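J.: 3D, please:
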Amino acid sequence: PPDPATRHNLATMAVTDLTSAPPAGKKAVLFFWAGWHAESAPRGAIDRVFSTLDASAGEGVDFYRVEAEAVPDLSLKFAVTVVPTFILLDAASNIVDRVDGGDDVPRLTQAVGALASRSGAAASAPASASAPAASAAAASPEDALNARLKSLVNSSPVMLFMKGVPTAPQCGFSRQVVEMLSDAKVAFGTFDILTDEDVRQGLKTYSDWPTYPQLYVKGDLMGGLDIMKEMAEEGDLAEQLGVEKSDAGIGAAASADANGGEGSLDDRLKKLVNRHRVMLFMKGLPSAPRCGFSRQIVEMLDEEGASYDSFNILEDEEIRQGLKTYSDWPTFPQLYVDGDL
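T.: You can find the predicted model right below:
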């Protein structure tokens, strides 16, 4: 059969581009990237960091680059929902750690160093002696899962873990929560727990909450449908959750900044495009798009299981017109990743 990997020269050395499962028998780091994400794309800032880690780790660990959208089977297998994502594997192809996103380079460096040390211990000592060293050097699967769950619950100011996606909920409770948040004009990110059994089961322990959907605000569990209904009965849901409405909150900011000079709108736009790692400016809401193009991009994001936030440009004309100049892009929808169009 053809070799699943082809060699690709970067700044200082050869990095392997992977198109199928990595060969077993050796430690490995998989770097999932996408062409539309400039920092993780070839010769981007994160790509250069990866090459540097490759050069410093030695021969005990293989480094692979995986274009997430071009190899969907691998992205699904490793539950990749954001780019960049780094998956660290032991010689038996078990996940020993993972880093979602490219914001924490020290964490990634530490994880790679631990994997390299673990590899060295296994190569130079008897199996009985190397096992404790390996265990100490690399994070346990439980620790790795908890780190991933912490990253997920904080990936959007309001984060919903549900069955299905907002445009196609897979249970009545999830559908009701989506409708309540949408009716309250609360912008929220989502994660489909049906696509990842580790997250589905692990989050029950992490949050000490046995059922779904689960709603988090700024990383803290608010509860499920019953709790949300109680909040809604006590007053405005957005106010009860302690978050601004996607339109009213922005409008209030506009009033406060009315005399703030030309920089005020740019400041608002900069905050908005960075409100979530993946930020979609669309016509309507994910649960109720108001144009075919917005509907298509929502469907694409949901099919990929991507966690994202959205802003309805129909509810703020200043944002709608200002973003065209800010981004030098005249049409909508517009998708930003890490603040970049």
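J.: point out where the stretch 201-341 of the chain drops to low pLDDT.
T.: 246-263, 287-288 (pLDDT under 70).
J.: one more time with 50, if that's ok
T.: Scanning the stretch 201-341 of the chain with the threshold set as pLDDT under 50 gives 248-263.
J.: and the helices in the stretch 51-200 of the chain?
T.: 72-77, 105-124, 127-137, 141-153, 172-183, 197-207 (DSSP state H, counting those that start in this stretch).
J.: how far away from the center of its chain is the longest one?
T.: Average the C-alpha atoms of helix 105-124, do the same for its chain, and the two points are 24 Å apart (Cα atoms, centre = their mean, to the nearest Å).
J.: tell me which of the helices of the stretch 51-200 of the chain sits nearest to residue 340.
T.: Across those, residue 340 has its closest neighbour in helix 105-124 (17.7 Å, Cβ to Cβ). Bear in mind the C-beta positions are built from the backbone N, C-alpha and C, glycine included.
J.: pLDDT on that closest one, on average?
T.: In this model, helix 105-124 has a mean pLDDT of 69.
J.: give me the packing partners of that helix, helices and strands only.
T.: Other helices and strands packing on helix 105-124, by 3 or more Cβ pairs under 8 Å, 6 or more residues apart in numbering; DSSP states H and E, are strand 27-33, helix 45-57, strand 61-67, strand 85-89, strand 95-100, helix 127-137.
J.: list the buried residues of the first one.
T.: What that stands for is strand 27-33. Neighbour-count burial for strand 27-33, counted by 16 or more other Cβ atoms under 10 Å, picks out 27, 28, 29, 30, 31, 32, 33.
J.: pipe the helices of the stretch 51-200 of the chain into TSV and attach mean neighbour count and distance to residue 43 per row.
T.: Shown next, in TSV, are the helices of the stretch 51-200 of the chain (neighbours: other Cβ atoms under 10 Å; distance: least, Cβ to Cβ, whole Å):
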stretch	mean neighbour count	distance to residue 43
helix 72-77	15	22
helix 105-124	18	17
helix 127-137	14	31
helix 141-153	17	26
helix 172-183	19	40
helix 197-207	16	32
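J.: can you put those helices in JSON lines and add distance to residue 97?
T.: Shown next, in JSON lines, are these (distance: least, Cβ to Cβ, whole Å):
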{"stretch": "helix 72-77", "distance to residue 97": "16"}
{"stretch": "helix 105-124", "distance to residue 97": "5"}
{"stretch": "helix 127-137", "distance to residue 97": "10"}
{"stretch": "helix 141-153", "distance to residue 97": "5"}
{"stretch": "helix 172-183", "distance to residue 97": "30"}
{"stretch": "helix 197-207", "distance to residue 97": "14"}
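J.: and the ones you listed: which comes nearest residue 57?
T.: That would be, of the helices of the stretch 51-200 of the chain and by Cβ to Cβ, helix 105-124, which comes in at 4.6 Å.
J.: please save the CA atoms from that closest one in PDB.
T.: The C-alpha trace of helix 105-124 is given here as PDB (Å, rounded to 0.1, in the frame of the first residue of the first chain):
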ATOM      1  CA  VAL A 105       2.800  27.600  23.700                       C
ATOM      2  CA  PRO A 106       4.400  26.900  27.100                       C
ATOM      3  CA  ARG A 107       1.800  24.200  27.800                       C
ATOM      4  CA  LEU A 108       2.500  22.700  24.400                       C
ATOM      5  CA  THR A 109       6.200  22.800  24.900                       C
ATOM      6  CA  GLN A 110       5.900  21.200  28.300                       C
ATOM      7  CA  ALA A 111       3.700  18.400  26.900                       C
ATOM      8  CA  VAL A 112       6.100  17.700  24.000                       C
ATOM      9  CA  GLY A 113       9.000  17.700  26.500                       C
ATOM     10  CA  ALA A 114       7.200  15.200  28.700                       C
ATOM     11  CA  LEU A 115       6.500  13.000  25.800                       C
ATOM     12  CA  ALA A 116      10.100  13.100  24.600                       C
ATOM     13  CA  SER A 117      11.300  12.300  28.100                       C
ATOM     14  CA  ARG A 118       9.000   9.400  28.400                       C
ATOM     15  CA  SER A 119      10.200   8.100  25.100                       C
ATOM     16  CA  GLY A 120      13.800   8.400  26.300                       C
ATOM     17  CA  ALA A 121      13.100   6.600  29.500                       C
ATOM     18  CA  ALA A 122      11.500   3.700  27.600                       C
ATOM     19  CA  ALA A 123      14.400   3.400  25.300                       C
ATOM     20  CA  SER A 124      17.200   3.400  27.900                       C
END
